[in-house]
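Colleague: when you get a sec, could you give me coordinates for this:
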Amino acid sequence: RCDLAVTAGGTTVYELCALGVPFVCFSYAENQEALAEYAGAREAGLYAGKYHQAPAETLENIGSMVRRAAADSELRQRMSRRARELVEKSGRQSGRSTTGSWRRRCWKPPGAGRNIQDPAGTEARKAAGSQNRGSEDGLEEEKRKERRKQNLVYGICGLLLMLVLLPIALRRERQADLQAEVLFLGDSILGQYRDETSIPSQAARLMDVSVFNGNFGGTTMSLQNREGREAYYRDGLSFSQLAKAVAALDFGTQQTIRTKDYVTMHFGDIVDELDRVDFSMVRTLVVSYGMNDYVTGSPICSPGEPEDTFSMEGAMRTGIRFLQQSYPALRIVFVSPTYCWFIDDDGSVTSTCENRDFGGGFLEDYVEAQRRVAQECGVEFLDLYHGYYPHEEPQDWRVYTSDGMHPNPDGRQKIAETLAAYLEE
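Modeller: I've put the predicted structure just below:
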């Protein structure tokens, strides 16, 4: 009945794998490193680090991973499946049932010694025996001392884990104190600026409504990281993941994201504010992704998998489904990417979105795919691609963009006015 466990890298790891219980593990002693690291590498669990070498960092990782796993049922299911596969594979290789005396034949990580399953006291007892103390009473005293030390260490470790996990358990009551009638989610095309000249701020003044700017530069509609590290910021802040967080009112995954780039260091503050939005007051959601899907060559669709979140169409469908299930009255408006140019250092145009394919198609292909999915799912679509920016002359990129892609002040004003007029219809 346990949804998630936190354990050191001892024999409990084997037991959790046999039961299919997802877990966060760490090594508490050197003889636990190989097993804990191997479990993490095989995705049977999440490996938080070496507590015996870096206790503060390991505890921080444990808290972060617990929040991530608690917020993501798909991640927990995947860990459970991988853990059972390891145990079942061991059973097949040994020619025995996976039940019964499975511990004695359990898989061992490459390079792990025979003492990998031993409790921490085993090594100490071997050392005590090897020193030939010459007295059975002396050996028993060493054992008692080792047990007392072990109990003390486990008690301290448990207390520290409780201090880390207790705030997580108590943090279920959201403080929804930010009011917004219109919520923006997207990339830097609408969200590069966050001051009064930003597109959301200008649209708010034109419509006389409250808005929240939840745009994150560099993000995509689809997932990018197929290795599955969901704290990778482009995936945690992609449309399908943000839509799931908004639908569940749980931004645990997003709050684990840390970036060192000065351009994205403010993302954590935006997520914290997004977690405070009163979504019962949001009437309209404006979604603007697609430019980064295009320049990263993300697949537009996955044949036979309409909700594959690694494709743009699949991520769009999945996100819409999350939102419509939780907020059936929410007005959802998708805004297409704008026409773009690719510029060299001297301002000359090297190519445009009409003749440059990054592997997934031309930008217009992504725009038309968004239009199709929006119509299919019963949401609105605003086309800012066709006939919106002039692009007959090579230097037309200067009219509304600062770099061929991101809108300049005139471009931001134009988009804000277009959005305000459309949303007020």
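Colleague: ok, what's across the strand from Ser335?
Modeller: Small correction: residue 335 is Val, not Ser. Leu382 (DSSP bridges).
Colleague: burial measure for it, as a count.
Modeller: Using other Cβ atoms under 10 Å, Val335 is surrounded by 26 other residues. Yep, even glycine has a C-beta here, placed from its N, CA and C like the rest.
Colleague: and for Ala41?
Modeller: If you count neighbours by other Cβ under 10 Å, Ala41 ends up with 11.
Colleague: show me what contacts it?
Modeller: Listed by Cβ atoms under 8 Å, 6 or more residues apart in numbering, the contact partners of Ala41 are Tyr47.
Colleague: read off the pLDDT value for the closest residue to Gln325 other than its chain neighbours.
Modeller: Closest residue in space to Gln325, ignoring its immediate chain neighbours: Ala247 at 6.6 Å, by Cβ to Cβ, 6 or more residues apart in numbering. On pLDDT, Ala247 comes in at 94.
Colleague: in contact with Ala247, which residues?
Modeller: Counting by Cβ under 8 Å, 6+ apart, Ala247 makes contact with 322-323, 325-327.
Colleague: try 6 Å this time
Modeller: Neighbour list for Ala247: 322-323, 326 [criterion: Cβ atoms under 6 Å, 6 or more residues apart in numbering].
Colleague: go on, Glu196?
Modeller: Contacts of Glu196 (Cβ under 6 Å, 6+ apart): none.
Colleague: mind doing that once more with 8 Å?
Modeller: Counting by Cβ under 8 Å, 6+ apart, Glu196 makes contact with Gln202.
Colleague: how far away is it from Phe184?
Modeller: Glu196 is 15 Å from Phe184, where distance means Cβ to Cβ, to the nearest Å.
Colleague: what does Glu43 give?
Modeller: Separation of Glu43 from Phe184 (Cβ to Cβ): 35 Å.
Colleague: tell me what the host helix or strand of Asp269 is packed against?
Modeller: Using DSSP states H and E, Asp269 sits within helix 267-274. On a contact count with 3 or more Cβ pairs under 8 Å, 6 or more residues apart in numbering; DSSP states H and E, helix 267-274 meets strand 211-215, helix 252-255.
Colleague: confidence-wise, which of the ones you listed is weakest overall?
Modeller: Of all the helices and strands packed on helix 267-274, the minimum mean pLDDT falls on helix 252-255 (a mean of 83).
Colleague: which stretches of the stretch 251-400 of the chain form strands?
Modeller: Secondary structure of the stretch 251-400 of the chain by DSSP state E, counting those that start in this stretch: the strands cover 284-288, 331-335, 341-343, 349-352, 380-382.
Colleague: any idea which of these is most buried?
Modeller: Highest mean neighbour count among these (mean count of other Cβ atoms under 10 Å): strand 284-288, with a mean of 25.
Colleague: list the strands paired with it, with their directions.
Modeller: strand 182-186 (parallel), strand 331-335 (parallel).
Colleague: now the stretch 301-425 of the chain, which segments are flagged as low pLDDT?
Modeller: Residue ranges of the stretch 301-425 of the chain with pLDDT under 70: none are present.
Colleague: in it, which spans are helices?
Modeller: Under the criterion DSSP state H, counting those that start in this stretch, the stretch 301-425 of the chain carries helices at the ranges 312-326, 363-377, 397-400, 409-424.
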